[in-house]
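J.: Sharing a model prediction with you, sequence too.
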Amino acid sequence: MYQLPQYSHITSFSKVAILTSGGDSPGMNPAIRALVRTATSFGIEVIGIHRGYAGLLNEEFETLNSKSVSGLCHRGGTYLKSARCLEFHEAATRQRAFDILSKHGIEALIVIGGDGSLSGAHELYQEFSIPVIGLPGTIDNDIYGTDDSIGFDTAVTTAVEGIDKISDTAYSHDRHFLVEVMGRNYGLLACHVAIAAGAEMVIVPEHQSDITDISQQLAQRRKEGIGSSGIIVVAEAGKSGWSNQLSEEMRQLGEDPRVCVLGHLQRGGKPTAHDRLLAATLGNCAIHTLLEGKTDVMVGVTKGAVSTTPLEAVITQKKGLPVEVMDLINELQH
Ligand code: ADP
């Protein structure tokens with residue numbers, strides 16, 4: 001359980017809306033459930049907006065209550081569906097969105113999504129002063145202001161389960177596999193997967209990897225009898241499928257690795273208990289944070305405690321890869 005702040009409510013709301021946006025992540029559903037149940041406990045009506053900002057513009061609204069969110073905890077994806085909406089980048093479109101929210105008497109908006117989705121929420125607040133709260137919903141865990149994001153643990157678990165299977169065939173055929181995982185431009189997902197799966201190496205965008213050096217290390221390990229097979233976890237680094245190019249380069253250097261791109265498999269599936277607990281906590285805290293009169297913030301976790309970070313910082317600052325993660329990986333290679 002996370003350490004929770006002492007809340008002091010100073011304001012009230014009659015009606016708030018929630019939406020999920022951008023890439024879906026396992027755990028969005030328990031977050032929706034927690035938001036609705038907590039809001040209901042304070043007498044706040046909740047409007048669920050389907051299909052993110054696109055659904056907001058099309059007024060795809062559903063009143064949510066305790067019953068409509070029952071049975072959501074274990075379901076992957078998002079009940080509210082998600083979408084990308086390019087026109088939301090335009091000020092005139094956001095004006096239209098604000099007019100729709102006002103027309104429906106919606107006093108605050110809670111957005112679950114990645115940094116793009118949270119940028120949209122921040123702009124709505126900046127332009128119209130409508131209270132907004134963001135929740136980090138992404139398997140990439142690349143959002144500044146939180147150590148963890150809803151869906152990250154499930155994606156790590158799914159990737160590790162996949163690699164466990166690939167490892168069996170890698171061992172049987174004395175083969176190396178490049179297993180590419182998601183994470184956009186952030187390498188933490190790849191690092192966690194590599195540690196948990198017992199991978200030989202990891203290639204992440206934060207550190208330059210020399211393919212010649214990697215190929216030589218593999219050859220050396222084989223010579224020493226400690227690595228005739230194994231897994232190299234490759235972060236997609238914003239270029240899904242680029243591990244095919246890496247394998248080609250390794251082939252030129254005498255290695256013959258196979259490639260497995262895990263792809264969207266990592267986005268789906270039942271959220272783990274960890275992600276459900278995180279989602280329930282953040283969903284609950286989002287309502288308390290609104291009632292405390294805070295706005296334009298993301299609710300996340302920092303060093304085991306629930307934290308709030310201004311959305312301005314969330315969308316302008318870059319999260320670094322913790323040094324200790326790479327140290328651990330390096331020391332486990334020996
Ligand atoms: P994620 O939220 O997972 O990072 P995207 O970056 O695709 O995913 O963003 C999801 C949606 O959020 C976009 O389709 C758009 O509707 C909205 N959005 C993203 N960036 C902005 C921005 N700078 N201003 C307004 N809306 C944005």
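T.: On my side now, so go ahead.

J.: Tell me the confidence at the residue in the stretch 201-334 of the chain that the ligand sits nearest to?
T.: Taking C-beta to the nearest ligand atom as the measure, the stretch 201-334 of the chain has I315 as its residue closest to the ligand, at 7.5 Å. No exception for glycine: its C-beta is placed from N, CA and C like everyone else's. Per-residue confidence at I315 stands at 98 (pLDDT).

J.: need the contact list for the residue nearest the centre of the chain.
T.: Nearest to the mean C-alpha position of the chain, counting by C-alpha atoms, centre = their mean, stands T138 at 1.6 Å. The contact partners of T138, by C-beta atoms under 8 Å, 6 or more residues apart in numbering, come to 22-23, 25, 113-115, 149-152.

J.: which residues touch the residue of the stretch 201-334 of the chain closest to the ligand?
T.: Shown here is I315, whose contacts under the criterion C-beta under 8 Å, 6+ apart are 115, 118-119, 122, 144.

J.: In those residues, which residue is surrounded by the most others?
T.: L118 (28 neighbours; other C-beta atoms under 10 Å).

J.: Is that residue in contact with G134, as I believe?
T.: Yes. At 4.2 Å, L118 counts as touching G134 under the criterion of C-beta atoms under 8 Å.

J.: between these two, what contacts are shared?
T.: Taking C-beta under 8 Å, 6+ apart as the criterion, L118 and G134 both touch 111, 298, 311, 314.

J.: Would you convert these into a markdown table that also reports distance to H274, neighbour count and secondary structure?
T.: Written out in a markdown table, the entries for the shared contacts of L118 and G134 read as follows (distance: C-beta to C-beta, whole Å; neighbours: other C-beta atoms under 10 Å; DSSP: H, G, I helix; E, B strand; the rest coil):
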| residue | distance to H274 | neighbour count | secondary structure |
| --- | --- | --- | --- |
| V111 | 22 | 28 | strand |
| M298 | 19 | 29 | strand |
| L311 | 25 | 26 | helix |
| V314 | 22 | 24 | helix |
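
J.: Now flag whichever of those residues is closest to V259.
T.: The shortest gap between V259 and any of those belongs to V314, at 34.3 Å (C-beta to C-beta).

J.: quick one: contacts for that closest one?
T.: Residues in contact with V314, defined by C-beta under 8 Å, 6+ apart, are 115, 118, 122, 134, 143-145, 298.

J.: want to throw those into a markdown table with pLDDT and secondary structure?
T.: Written out in a markdown table, the entries for those read as follows (pLDDT from 0 to 100; DSSP: H, G, I helix; E, B strand; the rest coil):
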| residue | pLDDT | secondary structure |
| --- | --- | --- |
| D115 | 96 | helix |
| L118 | 98 | helix |
| H122 | 98 | helix |
| G134 | 98 | strand |
| I143 | 98 | coil |
| Y144 | 98 | coil |
| G145 | 98 | coil |
| M298 | 98 | strand |
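
J.: between those residues, which is closest to L290?
T.: Checking the contacts of V314 against L290 by C-beta to C-beta gives G134 as the nearest, at 11.6 Å.

J.: any idea how far the closest one lies from T308?
T.: From G134 across to T308, the span is 10 Å (C-beta to C-beta, to the nearest Å).

J.: Mutual contacts of those two, please.
T.: Overlap between the contact sets of G134 and T308, as judged by C-beta under 8 Å, 6+ apart, is given by 297-299.

J.: returning to that earlier point: ignoring the adjacent residues along the chain, who's closest to the residue nearest to the centre of the chain?
T.: By the measure of C-beta to C-beta, 6 or more residues apart in numbering, the closest residue to T138 outside its immediate chain neighbours is G114, 4.1 Å from it.
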